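> Here is a sequence together with a model predicted from it:
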Amino acid sequence: YQKYITATVRVKDGYNPEDVKAAFKTAYQKAGNEDYIVAKTAKDLQGLLFTIVNILQGIVIGFGVIALIASVFGIINTQYISVLERTREIGLMKALGMRGKSVSRLFQFEAAWIGFLGGLIGSALAWGIGTALNPWITKQLSLGEGTYLLIFQLVPIVGLVVALMVIPMLAGWLPARKAAKLDPIEALRTE
């Protein structure tokens, strides 16, 4: 009594764990001790584990959204500074016949390149570190040989990299528009 916190019980083949759980609960309630024992099957524990994983996944997604918003503002700021620093070059390109749309595309492709490199480097690091840590995590959680917690699939990673190219292109739209509207004469006068 009060020596053990948990007890693990294995059910013989041919018996349903849910039925054993119900019988155990009924017998314990008849003894008048219903407040002290809670019986859970492996399915119940799996549901609890999935709930915890889903909560953690929600937290990670929340931090990801915050990081994405911060990176959008960072890209807008970087692109605006790039436009300001390259005002003379933009003026020269426009004076030599480059159209505003082409200048705008140039800055949007630059933003897409930044997103591509960031997504590629981040995905490669996550894949490498995750693959290296998978055996250790499996051992620590006693998941069994060959069962991994971190699973990497190529299609979602490619989708993520593409999304990380599109988002900076959208974020770089305002600075690219500003660059496209620069007057070549005024831009060439800038020091």
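Here it is on my side, so go on.

> Quick check: which ranges of the protein have low pLDDT?
1, 31-36, 191 (pLDDT under 70).

> How about the contacts made by the residue lying closest to residue 100 once chain neighbours are set aside?
Spatially, and ignoring its direct neighbours in sequence, residue 100 is nearest to residue 180 (3.7 Å; Cβ to Cβ, 6 or more residues apart in numbering). Glycine gets a C-beta too; all of them are placed from N, C-alpha and C. For residue 180, the contacting residues are 100-101, 103-104, by Cβ atoms under 8 Å, 6 or more residues apart in numbering.

> Then residue 130?
Applying Cβ under 8 Å, 6+ apart to residue 130 gives the contacts 150, 152.

> If we use 6 Å, what do you get?
Counting by Cβ atoms under 6 Å, 6 or more residues apart in numbering, residue 130 makes contact with residue 150.

> quick one: secondary structure of it?
In terms of secondary structure, residue 130 is helix; the call rests on DSSP: H, G, I helix; E, B strand; the rest coil.

> where exactly do the helices run in this protein?
In the chain, helices defined by DSSP state H lie at 17-30, 42-85, 87-95, 100-141, 154-171, 173-180, 184-189, listed in chain order.

> Reformat these as CSV; add distance to residue 9.
Written out in CSV, the entries for these read as follows (distance: least, Cβ to Cβ, whole Å):
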stretch, distance to residue 9
helix 17-30, 8
helix 42-85, 11
helix 87-95, 75
helix 100-141, 22
helix 154-171, 40
helix 173-180, 62
helix 184-189, 79
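
> ok, and which of the ones you listed has the densest surroundings?
Ranked by mean neighbour count, the helices of the chain are led by helix 173-180 with a mean of 20 (mean count of other Cβ atoms under 10 Å).

> For that one, list the C-alpha coordinates in PDB.
Coordinates of the C-alpha atoms in helix 173-180 are reproduced here as PDB (Å, rounded to 0.1, in the frame of the first residue of the first chain):
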ATOM      1  CA  TRP A 173       6.900  43.400 -54.000                       C
ATOM      2  CA  LEU A 174       6.700  46.900 -52.400                       C
ATOM      3  CA  PRO A 175      10.400  47.500 -52.500                       C
ATOM      4  CA  ALA A 176      10.600  46.200 -56.100                       C
ATOM      5  CA  ARG A 177       7.700  48.500 -57.100                       C
ATOM      6  CA  LYS A 178       9.600  51.400 -55.600                       C
ATOM      7  CA  ALA A 179      12.600  50.500 -57.600                       C
ATOM      8  CA  ALA A 180      10.600  50.200 -60.800                       C
END
